[in-house]
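Trainee: The following block contains a protein sequence and its predicted model.
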Amino acid sequence: MNYINRISSNPWDYTLYQIIDGGFVLKVIFSEGVYKVDIERYFLFAADEIIKPLDAEYMKVLLESIRCDYARFQSQEITKESVSDWLCYCG
């Protein structure tokens, strides 16, 4: 049984996973600092918070919102280790 499945992605931008309970984990790539180092951040969303997970334009708007207003989404951020724990169960 898979606990988390990748359902959508755009390289160097994001990866969207769906959790077994219907919720989502969204990995967003941020470029930070003077040298523009790529940083992965993970956010947990309830099933009803991402309405069109397979719609590229919808995801583009959501990603822009997260990057431009990080403080609004910071409470939904989870650790990479949390996601790794789910991925370990995928077999």
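Mentor: That came through fine. Residues are numbered from 1 along each chain as shown.
Trainee: per-residue pLDDT, the residue lying farthest from the centre of the chain?
Mentor: For the chain, the residue at maximal distance from the C-alpha centroid (C-alpha atoms, centre = their mean) is Val34, at 24.1 Å. Val34 carries a pLDDT value of 82.
Trainee: Pull the contacting residues for the residue nearest to the spatial centre of the chain.
Mentor: Centroid check for the chain by C-alpha atoms, centre = their mean gives Leu26 as the closest residue, at 1.0 Å. Leu26 makes contacts with Tyr14, Thr15, Leu16, Tyr17, Tyr42, Phe43, Phe45, Ile50, Leu62, Ile66, as judged by C-beta atoms under 8 Å, 6 or more residues apart in numbering. In this view, the C-beta of every residue, glycine as well, is placed from N, C-alpha and C.
Trainee: what about the fifth one, distance to Leu54?
Mentor: For Tyr42, the distance to Leu54 (C-beta to C-beta, to the nearest Å) stands at 20 Å.
Trainee: When these two are compared, which one has more neighbours?
Mentor: Tyr42 (19 against 10; other C-beta atoms under 10 Å).
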